[in-house]
Structures are given as C-alpha cells and as structure tokens.
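S.K.: below is the sequence, then the predicted model.
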Amino acid sequence: MAKQRKPRSKPAKSTEPTVAQQRQAYYEARARRASLEELGVTAEEKVRPSADKKAALEALDSFDRLMVLYGICRWTAMAGEPPEPEDWQDDKDWPQPDAVEALFGSWDAALDESGVLDSEVPKLLDRVAKAHQETGKRTEELERLQKRLEADAAKVPELERQMERHKQRRDEADLRAREVEGERERLVADRDRADARAGELERRVAELEAAAASAAPAAAPEAESLQRELAAAREEIVRLHDEVDAARADSERDRKTIARLSALVGRPEEEATEEDEPGDEPEPGSVLEAVERVAASAEHLRFAPRAFETAADSPFRRPELVLRTLRQLDELAGRYAEGDMGMSLSQAAREVGITQWKAGVSELARTRWRDEYLVNVDGHEVELGPHIGLGSGSGAGFVARIYLHVADGNDGLPRGITVGVVGRHLPDTTT
C-alpha cells in the first residue's frame with residue numbers, strides 16, 4: 001500500500017507592508033495633499049523639532065579641546081619644548097591662553113592631558129643638541145690640529161737643514177776625537193819610553209855614585225853628566241804627563257760634543273734644551289764605562305782626566321751604582337752652577353738622592369798625602385775634598401769613592417762641580 005504524502009504547508013503571509021507598498025502609499029498621500037491644497041483645504045501646521053543644545057555644546061567643546069591638544073603637540077614637535085602661555089598670547093594663529101584655561105581648567109592641565117611632558121621628543125632633542133655641541137668642539141679641535149700640523153710641516157725644511165748641520169759638526173768632532181786619541185796614544189808611548197829611560201839613568205847614576213863613594217874619582221864627572229841627563233829626562237816626563245792630561249781632557253770634551261750632536265741630530269731643535277732621560281739603558285760593564293757614559297751626556301758635571309784613569313783601575317763590582325750616583329751628581333751640579341741654592345751642598349745632595357755625602361777630608365790627610373788629592377782640570381791644579389761613599393763592606397770590590405772639586409768661581413775655574421777620582425779609597429787617617 002502506497003504511503004500517502006502529507007500536504008506541504010504554505011508559509012504564513014507577512015503582515016508588514018513591502019517597500020513597494022510603502023512607496024505607493026507615500027505617493028497616494030502626496031496626491032491627496034495636493035488635491036486638498038487645490039480645494040483650499042490644508043492640514044495643521046507642522047511642529048518644528050527642538051535642537052539638543054547640550055549635545056551641541058559638548059561637541060564644540062570636544063572639538064576645541066582636540067584643536068588645543070593638537071596645537072600643543074605641534075608646537076612641541078617643532079620647537080622642541082612645550083609652549084608657555086605667553087607664546088600663544090595675542091597670536092591669532094594659536095588658541096588663546098584664557099580659552100585653554102576655560103576648556104581644561106588650567107594651562108598645566110592641558111599640557112598634562114596632551115602627554116608632551118612625558119614625551120621622549122624633548123629628551124631626544126636634548127641629545128641631538130648635545131651631540132651637535134660636541135661635534136662643534138671636535139671640529140674646532142681638528143681645525144687646531146690641522147693648523148699645528150701645517151705649522152710643523154712648514155718647519156720641516158729648516159729642521160732638515162739643522163740636522164744636516166748637526167751631522168756635519170758631529171762628523172768633524174768625531175774626526176777630531178780620533179785625532180786627539182791618536183795623539184794621546186803617541187804621547188803615552190813617548191812617556192813610557194821616557195819613564196824607561198829615566199829608570200835606566202837612575203840606575204846608572206846610582207852605580208856611579210856608589211863607585212864615587214868607593215874612591216873612584218874618575219867616575220865623578222860621568223856621574224854629574226848622567227845626573228844632568230836624568231834631570232832633563234824627568235822634566236821631559238813631566239811635560240809628557242801634562243800633554244797626556246791635556247789630550248785626555250780634549251778627548252773628553254770631544255766625546256761630550258759628539259754625544260750632544262748625536263742627540264741633536266735625532267730630535268728637533270725645540271727639544272734640544274730639554275733634559276735627556278737615561279731611560280731603560282743597559283747596566284754598564286765596568287766603572288770606566290759608567291764614567292764614560294755620564295761624561296758623554298752630562299749637562300753640568302765636569303770630569304778631570306784622572307777620573308777616567310782611576311775608574312779604569314777600579315774593581316768595584318757595582319758599576320750601575322756609580323752610573324746612578326754620577327747622574328744624580330749632574331743634577332746637583334746644575335743646581336749649584338745656577339748660584340745660591342738656599343741650603344748646603346749636603347742638604348741639596350740628599351734632595352737628589354745622594355745619602356753618603358762627605359763634606360771633605362781631614363787636614364792631616366790633605367797634608368800627608370797631598371799629591372793624592374790634587375788633579376789637573378783644564379790646566380789648573382785643584383784640590384779634591386768632598387766625596388761620596390758607595391757600597392758597603394771591605395775591599396775595593398765592595399766599596400768605592402767619588403772625589404770632587406767644588407769650584408766657587410774664584411780658583412780659575414767656572415762655578416761648578418768636577419769629578420776628580422772614581423774608584424778606590426784615597427789614603428787618609430782611616431787607611
């Protein structure tokens with residue numbers, strides 16, 4: 001049996017008028033109003049809607065507030081800082097301060113609501129301004145540096161001429177030093193031969209004097225002749241000694257000149273007057289090397305020829321101590337040469353680091369061993385006295401002395417300090 005289908009239910013009809021129906025009703029009503037107006041029949045007067053004054057005022061206030069906030073933000077962005085009331089006063093292009101106060105209650109409240117006080121823009125602008133200032137300063141420094149470099153570059157030709165002149169003078173001094181050294185070696189050889197001849201003559205005179213004493217009259221004339229020859233030989237020895245000392249003094253001056261000119265060659269003349277620093281130099285291998293180093297570079301300290309002789313004979317085991325003390329003495333000599341120091345030499349010596357300063361030797365030592373305390377300086381025979389003790393212990397390998405002559409300008413030498421002996425302890429009442 002076939003299943004019967006249920007009849008499909010129809011959708012309910014909507015009671016709401018359609019758009020077409022609403023449009024049709026509008027035109028019909030409009031036609032009726034037109035017909036009535038033709039007949040002179042009109043409807044009642046329309047009621048005019050009232051405006052919402054409160055909403056309009058609030059809308060205007062909100063817009064004005066936005067314009068004020070926009071003006072504050074714009075001013076801050078362009079000027080780099082928030083505006084002040086006087087910035088906008090009487091300027092028609094910007095909101096007036098009294099209007100801002102009416103809208104926000106106060107000028108500060110408007111600034112606070114705009115958020116510019118917490119903005120990073122002013123801080124960023126401050127950093128930019130600071131960077132600009134630093135850039136300006138750096139530019140000025142670079143300009144000054146450029147001017148200095150240009151000035152230095154202008155000095156280069158003159159410095160090159162000075163260096164060539166110093167090199168020439170150094171070469172001449174070096175040649176002179178070699179000549180003087182050769183002359184000194186020749187004089188030393190002549191002196192040694194004269195010493196040998198004098199010894200032979202002394203031996204021969206002694207033999208003749210012994211023969212004369214043993215009743216040999218014939219030997220007396222020969223003895224007198226030999227004695228005259230011996231006296232002449234001794235005079236020659238003295239002359240040769242003086243010439244050797246003079247040659248050694250010339251050699252020392254030449255060494256100083258060479259060292260000074262070598263230093264001038266390696267630096268501008270503006271720096272030539274500055275004090276040379278010893279720096280990290282190697283330790284000297286002997287007392288003589290220490291003396292020669294300081295003699296070559298000393299600015300004020302002078303050296304007698306005997307200082308080199310005694311230094312060469314010194315077995316002192318601490319030549320670096322000699323080097324350091326001589327450099328301190330050079331500083332002390334500079335202060336003394338300038339004039340009154342306002343203190344004694346021993347006090348000034350302690351200030352430069354010399355602690356074992358002795359003011360002089362006893363009168364007995366100077367009298368009994370007078371020749372030991374005499375040195376020749378530039379043709380003047382002067383006496384040694386002040387000295388410095390070095391090292392500790394006993395024996396020439398552990399202790400040494402530096403003997404000095406202090407000239408006040410009245411003994412033929414210019415005011416200054418001269419090193420006379422470096423090395424062994426000279427004889428005195430303690431030896």
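M.R.: Cool, got the structure.
S.K.: for the helix ranked longest in the chain, name the packing helices and strands.
M.R.: Longest helix in the chain, counting residues (DSSP state H): helix 121-213. When contacts are defined as 3 or more CB pairs under 8 Å, 6 or more residues apart in numbering; DSSP states H and E, helix 121-213 packs onto helix 53-79, helix 219-265. Just so you know, the C-beta spots here come from the backbone N, C-alpha and C atoms, and that holds for glycine as well.
S.K.: and these, which one averages the lowest pLDDT?
M.R.: Mean pLDDT per stretch puts helix 219-265 lowest among the helices and strands packed on helix 121-213, at a mean of 65.
S.K.: quick one: mean pLDDT over the helix or strand just after that one.
M.R.: Following helix 219-265 in sequence order, the next helix or strand is helix 287-297 (DSSP states H and E). Averaged over helix 287-297, pLDDT sits at 93.
S.K.: which residues touch the helix or strand that helix 287-297 is followed by?
M.R.: Downstream of helix 287-297, the first helix or strand assigned by DSSP H and E is strand 302-303. By CB atoms under 8 Å, 6 or more residues apart in numbering, the residues outside strand 302-303 that reach it are 252, 291, 295, 333, 377, 416-419.
S.K.: repeat that with 7 Å
M.R.: Outside of strand 302-303, the residues within contact range by CB atoms under 7 Å, 6 or more residues apart in numbering are 252, 291, 295, 377, 416, 418-419.
S.K.: count the neighbours of Leu384 for me.
M.R.: Other residues near Leu384 number 25, with proximity taken as other CB atoms under 10 Å.
S.K.: measure it to Ala231 for me?
M.R.: Leu384 is 30 Å from Ala231, where distance means CB to CB, to the nearest Å.
S.K.: ok, Ala311 next?
M.R.: Between Ala311 and Ala231 the distance, using CB to CB, works out to 33 Å.
S.K.: do Gln96 as well
M.R.: In terms of CB to CB, Gln96 sits 126 Å off from Ala231.
S.K.: next one: His300
M.R.: 42 Å.
S.K.: the more surrounded of these two?
M.R.: His300 (16 against 12).
S.K.: might one say that that one is in contact with Leu332?
M.R.: No - in this structure, His300 is not within contact of Leu332 by CB atoms under 7 Å, at 8.4 Å.
S.K.: domain-wise, how is the protein divided?
M.R.: Following automatic domain parsing, one finds the domains of the chain at 56-118, 170-265, 283-423.
S.K.: please identify the deepest-packed of those domains.
M.R.: The highest mean neighbour count among these, using mean count of other CB atoms under 10 Å, belongs to domain 283-423: a mean of 18.
S.K.: start to end distance for that domain?
M.R.: Using CA to CA, to the nearest Å, one end of domain 283-423 lies 17 Å from the other.
S.K.: do stretch 360-372 as well
M.R.: 14 Å.
S.K.: what about that stretch, distance to the chain center?
M.R.: Relative to its chain's centre, stretch 360-372 lies at 49 Å (CA atoms, centre = their mean, to the nearest Å).
S.K.: using CSV, write out every CA atom in stretch 291-306.
M.R.: Only the C-alpha atoms of stretch 291-306 are listed here, as CSV (Å, rounded to 0.1, in the frame of the first residue of the first chain):
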residue,chain,number,x,y,z
VAL,A,291,132.0,57.2,33.9
GLU,A,292,132.3,57.5,30.2
ARG,A,293,128.5,57.3,29.7
VAL,A,294,127.8,60.1,32.1
ALA,A,295,130.7,62.2,30.8
ALA,A,296,129.3,61.9,27.3
SER,A,297,125.8,63.0,28.3
ALA,A,298,126.3,65.2,31.4
GLU,A,299,124.9,68.7,31.1
HIS,A,300,126.7,70.3,34.1
LEU,A,301,129.1,67.8,35.7
ARG,A,302,132.8,68.1,34.7
PHE,A,303,135.4,65.3,34.7
ALA,A,304,139.1,65.6,35.3
PRO,A,305,141.3,63.2,33.2
ARG,A,306,142.3,61.4,36.4
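S.K.: quick check on Pro82: phi, psi?
M.R.: Here is the backbone geometry of Pro82 (degrees, to the nearest 10): phi -60, psi 150.
S.K.: where does Val421 sit: helix, strand or coil?
M.R.: For Val421, the assignment made with DSSP: H, G, I helix; E, B strand; the rest coil gives strand.
S.K.: any idea how far Arg32 lies from Tyr26?
M.R.: Distance from Arg32 to Tyr26, by CB to CB: 11 Å.
S.K.: an error on my part: the question was meant for Asp330.
M.R.: From Asp330 to Tyr26 the distance is 125 Å (CB to CB).
S.K.: next one: the longest helix of the chain to chain centre, how far?
M.R.: Offset of helix 121-213 from its chain centre (CA atoms, centre = their mean): 22 Å.
S.K.: ditto for stretch 17-34
M.R.: Centre-to-centre, stretch 17-34 and its host chain are 106 Å apart (CA atoms, centre = their mean).
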